[in-house]
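In: whatever this is, show me its structure:
(one chain, ligands or ions: 1)
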Amino acid sequence: MNLNTSYLGLNLKNPIVVGSSTFTGTVDGIVKCAKAGAGAVVLKSLFEEQILSDIKKEEGYTDIYTSNVDADLYMKTFLRGNEIAIYTNLIREAKKNVDIPIIASINCADKGEWMSFAKELQEAGADALELNIAVSPFDKDVASKDIEDEVVNIFKEVKKTVSIPVSVKLGDHFTNIGNLAFRLSMAGAAGLVLFNRFYNPTIDIEHMKVVPGSALSVEEENGSTLRWISLLAAQGIPCCLSASTGVHSAEDVVRQILAGASSVQVCSVLYKKGIDFITEMVKGMEKWMQMHNFNSINEFKGKCSASADVKVFERLQYLRRNNDLN
Ligand SMILES: Cc1cc2nc3c(=O)[nH]c(=O)nc-3n(C[C@H](O)[C@H](O)[C@H](O)COP(=O)(O)O)c2cc1C
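Out: Down below sits the predicted model:
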């Protein structure tokens, strides 16, 4: 049985990618993912703010001990270089220790200094780069189009600096995801990861305080991902799609591929069931393919997006509430 799939122009032995998470932040974790059978890993992100906050801390230090501009510059350059060195070292070590593709990840919200180090991730051996672009959607004075323009501009600027494939991981806080997805694809995105799951706080009603919500998804959250993978595949988007959020079982992987995904990204399910659950997911896919007489992923990829049935995903409201619930 052939589970090979092409994602971002890379050849994956199966479509199960371990999403950016603490599992993929150490060489040990990456080796465990590869041993469990992952098709690829997306490294824990390097956050734009991490570097900026470290630089700020050290600005305080240099202000106290020296007013020398050269020393200040040195500290900033050293720290910046150090952050990058840790990350590029992770890429190099991962490449030495596993034979699956290594996708580096940058989490960003703005154009800026961080863009200059994307090239260093490529030079360290990253096979591709995933940009988790999370421009804040909470300012009432910023129009939706301005946010979308910023996302596309950040992508274009980074793309200029590297030759490896670049994908964009989006949240689902957009008015017209289809339009943004096509804009990114036309601008050269090799893939889109749908969706990033935002941190959701909740309210503790006993103490009447805002507290952290669950960091982990549940399977029922995969509806939005399935909808957009289906719709974009049906509209013939010319880039790869990777399903992220709520992929918790082999059945979910099959569902997303039937919708048109080239790969899926798993994260929460591994925190709940352990990294070795990847092996179960691969076996479950093989079993399903056997039962349905498919020998390769391409034989069923997008099968449910090619039909008129995909129109169901464009429906927003329940028509007859009682019937829908029965
Ligand atoms: C503990 C934890 C750490 C994460 N770190 C990152 C990160 O550094 N960069 C990123 O793009 N996504 C990160 N994510 C998001 C996941 O990659 C994934 O998109 C999200 O959890 C939805 O997938 P899931 O339903 O399989 O968990 C993290 C998620 C968790 C739970």
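In: and residue 7, what are its bridge partners?
Out: On the basis of DSSP bridges, residue 7 is bridged to residue 10.
In: surely it meets residue 243?
Out: No - Residue 7 is beyond contact range of residue 243, at 11.2 Å (criterion: Cβ atoms under 8 Å). To be clear about C-beta, it is placed using only N, CA and C from the backbone, and glycine gets the same treatment.
In: what does the protein have sitting close to the ligand?
Out: With Cβ under 6 Å from any ligand atom as the criterion, the chain meets the ligand at residues 19-22, 44-45, 105, 107, 132, 169, 196-197, 215-217, 244-247, 266-268.
In: show me where the chain has helices.
Out: Applying DSSP state H to the chain gives helices spanning 27-36, 48-65, 69-97, 118-123, 144-161, 177-186, 223-234, 250-259, 268-273, 277-291, 321-325.
In: now stretch 236-244 - C-alpha only, CSV.
Out: Extracted C-alpha coordinates of stretch 236-244, given in CSV (Å, rounded to 0.1, in the frame of the first residue of the first chain):
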residue,chain,number,x,y,z
GLY,A,236,-9.1,24.4,-7.8
ILE,A,237,-6.7,26.3,-5.6
PRO,A,238,-3.2,25.9,-7.1
CYS,A,239,-1.4,25.1,-3.9
CYS,A,240,-1.3,22.3,-1.3
LEU,A,241,-3.7,22.2,1.6
SER,A,242,-2.8,20.9,5.0
ALA,A,243,-5.6,20.3,7.5
SER,A,244,-4.9,21.4,11.1
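In: which one of the helices of the chain has the poorest average confidence?
Out: For those, mean pLDDT drops lowest on helix 48-65, to a mean of 53.
In: residue 25 versus residue 187, what's the distance?
Out: For residue 187, the distance to residue 25 (Cβ to Cβ, to the nearest Å) stands at 29 Å.
In: ok so, going back, mean neighbour count for the helices of the chain - can I get that in a markdown table?
Out: Below are the helices of the chain laid out as a markdown table (neighbours: other Cβ atoms under 10 Å):
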| stretch | mean neighbour count |
| --- | --- |
| helix 27-36 | 19 |
| helix 48-65 | 13 |
| helix 69-97 | 16 |
| helix 118-123 | 19 |
| helix 144-161 | 16 |
| helix 177-186 | 18 |
| helix 223-234 | 22 |
| helix 250-259 | 22 |
| helix 268-273 | 18 |
| helix 277-291 | 17 |
| helix 321-325 | 8 |
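In: which one, of the ones you listed, ends up nearest to residue 299?
Out: With distances scored as Cβ to Cβ, the stretch of the helices of the chain nearest to residue 299 is helix 277-291 (8.3 Å).
In: give the contact list for the closest residue to residue 204 other than its chain neighbours.
Out: Nearest residue to residue 204, sequence neighbours excluded (Cβ to Cβ, 6 or more residues apart in numbering): residue 211, at 4.7 Å. By Cβ atoms under 8 Å, 6 or more residues apart in numbering, the residues touching residue 211 are 201, 202, 203, 204.
In: so residue 7 and residue 243 - more neighbours on which side?
Out: residue 243 (29 against 25; other Cβ atoms under 10 Å).
In: so the more buried one touches residue 222, yeah?
Out: Yes - using Cβ under 8 Å, residue 243 is in contact with residue 222, at 7.4 Å.
In: which residues do these two both contact?
Out: Shared contacts of residue 243 and residue 222, defined by Cβ under 8 Å, 6+ apart, comprise residue 256.
In: between residue 7 and residue 243, which contacts overlap?
Out: Shared contacts of residue 7 and residue 243 (Cβ under 8 Å, 6+ apart): residue 263.
In: tell me which of the contacts of residue 211 fall in strands.
Out: Among the contacts of residue 211, the ones falling in strands (DSSP state E) are 201, 202, 203, 204.
In: reformat those as JSON lines; add pLDDT and neighbour count.
Out: Shown next, in JSON lines, are the ones in strands among the contacts of residue 211 (pLDDT from 0 to 100; neighbours: other Cβ atoms under 10 Å):
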{"residue": "201", "pLDDT": "92", "neighbour count": "10"}
{"residue": "202", "pLDDT": "94", "neighbour count": "11"}
{"residue": "203", "pLDDT": "96", "neighbour count": "11"}
{"residue": "204", "pLDDT": "96", "neighbour count": "10"}
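In: and which of these is nearest the ligand?
Out: Nearest to the ligand among the ones in strands among the contacts of residue 211, counting by Cβ to the nearest ligand atom, is residue 201 at 14.7 Å.
In: do you know the pLDDT at the closest residue to residue 267 other than its chain neighbours?
Out: Ranked by Cβ to Cβ, 6+ apart and with sequence neighbours excluded, the top spatial neighbour of residue 267 is residue 19, at 4.1 Å. What the model reports as pLDDT for residue 19 is 98.
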